[in-house]
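*Asks:* Build me a structure from this.
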Amino acid sequence: MTPAVCPYCRGAVEDAEREATVCAGCGTPHHADCYAENGGCTVFGCSAAPEEEPGISVSGADLATPALAGGMQAQAPVARSAPPPPLNGAATAAPAAVPLSSAGSVLFRPAPVVPSVAAAAPANIDLTPDPNAKHQSTFILLGVFLGMFGGHSFYAGYKNKAFVQLGISVLTLGFASPMIWVWAIIDVFTIQEDVAGVKFRS
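*Replies:* Residues are numbered from 1 along each chain as shown. Down below sits the predicted model:
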């Protein structure tokens, strides 16, 4: 015959060290301490079973309010007092609002506000060319045809460079002339004024 099993602890009821109790509602044997710990019969639906614990009802307002740890409701944020005034007593100017026209960058950072500067009165600009200005076309022709001898540099007043270009061509017996000519072509495209800073006239 199969020994009776306590439905609470799943141990044999015929244990000599533990006292047995038979449920008055359904007749199921239990250990006495298991029956007392459960508060009654452990068989579902038995009339001697303990009463069910009341369920917890939660309303929609409780769900909308986040609860803190420990079951307490979240408190409203504490309002902070205004910062103290500056020590020198001077009133702090409120930052100027950024106008809508100065939109931020692609990363939504506000663009720096540039203070508007009053437009200065238009100055009378003299557009007449300097009578001492050298002709740019002459400078170009000298650079193309006599650039290996520094002719364009002599014309623009760059005498030190002109003597260097002439000296390299003479001392190398003309073998370095192609290099000096390339140098002269670069000068033709990059130099726009003479040694005195007067811009060439076309």
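
*Asks:* For this structure, which segments are assigned as strands?
*Replies:* Assigned by DSSP state E, the strands in the chain fall at 20-22, 29-31.

*Asks:* Can you point out the buried residues in stretch 9-17?
*Replies:* Burial within stretch 9-17, assessed by neighbour count using 16 or more other CB atoms under 10 Å, is assigned to 9, 13. For glycine as for every other residue, the C-beta is placed from the backbone atoms N, C-alpha and C.

*Asks:* what's the answer for stretch 172-179, then?
*Replies:* 176-177.

*Asks:* what comes into contact with it?
*Replies:* 148, 168-169 (CB atoms under 8 Å, 6 or more residues apart in numbering).

*Asks:* List just the nearest of those residues to P7.
*Replies:* I168 (113.6 Å; CB to CB).

*Asks:* so what's that closest one up against?
*Replies:* Neighbour list for I168: 176, 179-180 [criterion: CB under 8 Å, 6+ apart].

*Asks:* do that again at 10 Å, thanks
*Replies:* 148-150, 175-177, 179-180, 183 (CB atoms under 10 Å, 6 or more residues apart in numbering).

*Asks:* Check V195 too.
*Replies:* Applying CB under 10 Å, 6+ apart to V195 gives the contacts 153, 156-161.

*Asks:* and what of V170?
*Replies:* V170 touches 149, 176-177, counting by CB under 10 Å, 6+ apart.

*Asks:* out of those residues, which are inside helices?
*Replies:* Of the contacts of V170, the ones assigned to helices by DSSP state H are S177.

*Asks:* export the contacts of V170 to a markdown table and tack on pLDDT?
*Replies:* Listed next are the contacts of V170 as a markdown table, based on pLDDT from 0 to 100:
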| residue | pLDDT |
| --- | --- |
| F149 | 93 |
| A176 | 92 |
| S177 | 89 |
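
*Asks:* between the contacts of V170, which is nearest E14?
*Replies:* Taking the contacts of V170 together and measuring to E14 by CB to CB, the closest member is A176, at 120.6 Å.

*Asks:* distance of K134 from E52?
*Replies:* Distance of K134 to E52, given as CB to CB, to the nearest Å: 111 Å.

*Asks:* Compare neighbour counts for these two and give me the winner.
*Replies:* K134 (18 against 6; other CB atoms under 10 Å).

*Asks:* Which of the contacts of I168 lies at the shortest distance from S47?
*Replies:* Nearest member of the contacts of I168 to S47, counting by CB to CB, is W183, at 116.0 Å.

*Asks:* What about that closest one, how many residues nearby?
*Replies:* Residues near W183, counting by other CB under 10 Å, number 20.

*Asks:* residues contacting it?
*Replies:* 143, 147-148, 150, 153, 161, 164-165, 168, 176.
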